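Colleague: Below are the sequence and a predicted model for it; my questions follow.
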Amino acid sequence: MKYLNKLLPFCAACLLIACFLSSAQAQEAELTIKAENAVARAAQDAPVAKSVVRGRAVYDDTNRPVRRARVMLLDMSSRGTQRTGMTNGSGEFQFKDVPAGSYVVMVDAAGIITPVSFIDLEDAAAEKINLEEIRKNFDEVVVNGTNTVNVKVRARRGGAVSGRVTYADGDPAINVRVNIMRKKDGKVVRFITNMNPSALLGIQTDDRGMYRIAGLPPGEYILSASETIDHTGEASARDDYMGMGQMFGAGSLVVTYYQGTTKSGDATAIQVDAGQESNEVNISLLDRGLRTLSGTVVARHDRSPLKFARLTVASKDGASTSSPFPFAAGPNTATDEQGRFTINEIPDGSYTITVEPPYAGEEMDISSEEEGDGEEEPEPAATPAPTGTPKRKFTRKVQDVTINGSDITDLTITLSEGAIVSGVVTVEGGRPLPQTETYFMLESVSGERLTDGTQQNVQPDGRFTIDGLPSGAFYPNVFVAPGDKYYVKAMNAGGTDLMQNPLVVPESANINNVRIVLSPDAATLSGRTLSANNTPVSGVQFALIPADPNKWRTRISYLFGNSEGNGSYSVSGAPGEYLIIFLGGADNPRAVNEAWIQSRAAGALRVTLLPAQRKQMDLTVP
């Protein structure tokens, strides 16, 4: 059972890639847009799911069938669902019971360009995927939930890169990971070519040191080879999820770029054209001195060592070649009982060390787990209720270090105790709290991604607490499922109006006076997003911004919408007058701020929502 639990993050990571289109929803919309989609689902019947999509997949250059290949029907709306099937011996396929919506048919065959290959992993992590690039290169299939659609899918052969990786003495470099990155707008970005095992696991050289990467869209690419190195010398299941980090190419810091450099900015780009192969792209691994980095992680307040803190090291000298999977974004290690850590075989260069604190009170054994005899392990004893003052959580720390010609053996990294924010939620007029899930959450004003714990349930008595917070300024908010009835009417902490100003949290502070008042009179705007010729458009993101410029400074007043497969949308929030501003394909709702609004407010469509109003309005997409 323990091993099964360790597989869950792996399965979740694969699922995220398989459902990549759902990342078109922005991070902040994990609450906002989820609320709106919940409204749409609650307010409308589920989409009719009786359509049939049938067709034939052929190679674009020969018109010959793509036989016995996996095909996927990818939902282009925020639902991000997918269906999988196979072509037969004639290249034919069929999907039944398809809900109304807009889809892309993806053919998963060797050497074929897929929609996945157009997604930059950095954009996916920031949840700002540009679907327009996918729509431009792949045909959309639109169904109404009852009709039958026949399609001909043309599978386009991508370009390929091949070559040989050797050590400095000419010996073949076997089982070395080969990384390919796209050169785009002067930057080097990671991507994956497909959703099959070889693309997800990473390309490795064979027994001759040879490699080949196919299915590449036309463009410029950077190649590198990462030597297989265990920088931590640890075999702990805690550190590597049963070896999956190594399987997915976790974090080697010893990287050589084509041709013969250690920095991505100095690498030679390879031009790849559709259907063509660039061969003899050979990489000779550089021979260089390797160092050791070791030290201690301690608590700032009393300098006591912190065991089980997790450290991840990343190079600042080149583009990241780490796997996209969280458990493979190393190298990473954990401090021992004395708070010590060691990372071996690091080349000279500049690095960033990220330290994730141990969980408060964590006392688990991190030694390697042994296989049992197949019997189910007994349930652990119940944890005694805590007494006295609970332990404070620590905050994560990011620290730079430079290695230049010698080992570093005495690095000390200090972690501060996190701040605590607590308070109470009430409903105006003394009415009872909602009987549905209610969350209090904080979003960093800087846009920095925060660690887990910045969203907590509101207790039945209205109280909430978030701890382990770094210092900074935050936008507080409350989300009530399903989201179509309540909105935040007032919010303050002491003398600060949090509807107009962010919550400023000093280091290790204890802010316990946050007061939030909900109103049950939320307004709802719903309808469809339509093209100029009056046809539904799915996956359209837009913002409702208060017309009053004095409310542009704080994000709590922003509402975000996202249309579903049939173009329907539903947005709920505070009554008032709003500007409706559409987000472009590359726009990230997390980046919406006062300057962004000012540049787009002129000529924006306006709408006025009254308390508890349910207003219908179709929106024409520009």
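Modeller: Happy to help now that I have it.

Colleague: Outline the domain layout of this protein.
Modeller: 19-155, 159-284, 290-363+390-415, 419-518, 523-620 (automatic domain parsing).

Colleague: any chance of these in JSON lines, plus mean pLDDT and mean neighbour count?
Modeller: (Each C-beta comes from the backbone N, C-alpha and C, glycine too.) Formatted as JSON lines, the domains of the chain follow (pLDDT from 0 to 100; neighbours: other CB atoms under 10 Å):
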{"stretch": "domain 19-155", "mean pLDDT": "77", "mean neighbour count": "19"}
{"stretch": "domain 159-284", "mean pLDDT": "85", "mean neighbour count": "18"}
{"stretch": "domain 290-363+390-415", "mean pLDDT": "84", "mean neighbour count": "17"}
{"stretch": "domain 419-518", "mean pLDDT": "88", "mean neighbour count": "17"}
{"stretch": "domain 523-620", "mean pLDDT": "90", "mean neighbour count": "18"}
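
Colleague: Direction included, what does the helix or strand D97 falls within pair against?
Modeller: Assigned by DSSP states H and E, D97 belongs to strand 92-98. Sheet pairing for strand 92-98, assigned by DSSP bridges, gives strand 51-59 (antiparallel).

Colleague: quick revisit: after the strand holding D97, next one along is what?
Modeller: Taking DSSP H and E, what comes next after strand 92-98 is strand 101-108.

Colleague: Let's see that next one as PDB, backbone CA atoms only.
Modeller: Provided in PDB are the C-alpha atoms of strand 101-108 (Å, rounded to 0.1, in the frame of the first residue of the first chain):
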ATOM      1  CA  GLY A 101     -18.300  21.000 -27.800                       C
ATOM      2  CA  SER A 102     -15.100  21.700 -29.800                       C
ATOM      3  CA  TYR A 103     -12.400  19.100 -30.100                       C
ATOM      4  CA  VAL A 104      -9.100  18.300 -31.800                       C
ATOM      5  CA  VAL A 105      -8.300  14.800 -33.100                       C
ATOM      6  CA  MET A 106      -4.800  13.800 -32.200                       C
ATOM      7  CA  VAL A 107      -3.000  10.900 -33.900                       C
ATOM      8  CA  ASP A 108      -0.300   9.200 -31.800                       C
END
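
Colleague: could you give the angle of that strand to strand 92-98?
Modeller: On the basis of axes from the mean of the first three to the mean of the last three CA atoms, to 10 degrees, strand 101-108 is oriented at 150 degrees to strand 92-98.

Colleague: isn't E133 right up against F118?
Modeller: Yes. The pair E133 and F118 passes the contact test of CB atoms under 8 Å, sitting 4.9 Å apart.

Colleague: what helices or strands is the helix or strand hosting T426 leaning on?
Modeller: Taking DSSP H and E as the definition, one finds T426 inside strand 419-427. Other helices and strands packing on strand 419-427, by 3 or more CB pairs under 8 Å, 6 or more residues apart in numbering; DSSP states H and E, are strand 438-444, strand 463-469, strand 472-480, strand 503-505, strand 510-519.

Colleague: Note down every partner strand of that strand and its orientation.
Modeller: Short version: by DSSP bridges, strand 419-427 pairs with strand 463-469 (antiparallel), strand 510-519 (parallel).

Colleague: who's in contact with it?
Modeller: Strand 419-427 has contacts (CB atoms under 8 Å, 6 or more residues apart in numbering) with 392, 433-434, 438, 440, 442, 458, 461-467, 469-471, 474, 476, 478, 486, 493, 503, 505-520.

Colleague: Please identify which of the helices and strands packed on strand 419-427 is closest to P99.
Modeller: Among the helices and strands packed on strand 419-427, the nearest to P99 by CB to CB is strand 472-480 (26.1 Å).

Colleague: sorry, back to before: for R67, find the nearest of the helices and strands packed on strand 419-427.
Modeller: Using CB to CB, the helices and strands packed on strand 419-427 put strand 472-480 closest to R67, at 48.6 Å.

Colleague: just the strands in the stretch 101-250 of the chain please.
Modeller: 101-108, 140-143, 148-155, 159-166, 177-184, 187-190, 203-204, 210-216, 219-226 (DSSP state E, counting those that start in this stretch).

Colleague: and of those strands, who's closest to D497?
Modeller: Nearest of these (CB to CB): strand 187-190, 40.4 Å.

Colleague: Who are the packing partners of that closest one?
Modeller: Taking 3+ CB pairs under 8 Å, 6+ apart as the contact cut, strand 187-190 packs with helix 121-125, strand 177-184.

Colleague: The most far-flung residue of the chain relative to its centre and I119, how far apart?
Modeller: Most distant from the centre of the chain: D169, at 40.9 Å, with distances by CA atoms, centre = their mean. D169 sits 39 Å away from I119, going by CB to CB, to the nearest Å.

Colleague: rewinding a little: distance to A612 added to the helices and strands packed on strand 419-427, as JSON lines?
Modeller: As requested, those are exported to JSON lines (distance: least, CB to CB, whole Å):
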{"stretch": "strand 438-444", "distance to A612": "19"}
{"stretch": "strand 463-469", "distance to A612": "26"}
{"stretch": "strand 472-480", "distance to A612": "15"}
{"stretch": "strand 503-505", "distance to A612": "29"}
{"stretch": "strand 510-519", "distance to A612": "9"}
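
Colleague: between those strands, which gets nearest to V48?
Modeller: strand 472-480 (29.3 Å).

Colleague: Within the sheet, what are the partner strands of the closest one, with directions?
Modeller: strand 438-444 (antiparallel), strand 503-505 (antiparallel).

Colleague: can you list contacts of the helix or strand just after it?
Modeller: Note on strand 472-480: by DSSP H and E, the next helix or strand toward the C-terminus is strand 487-493. Strand 487-493 is contacted by residues 423, 428, 476-478, 497-499, 503, 511, 513-519, 521-522, 556, 572-574 when judged by CB under 8 Å, 6+ apart.

Colleague: With that, I have no additional questions.
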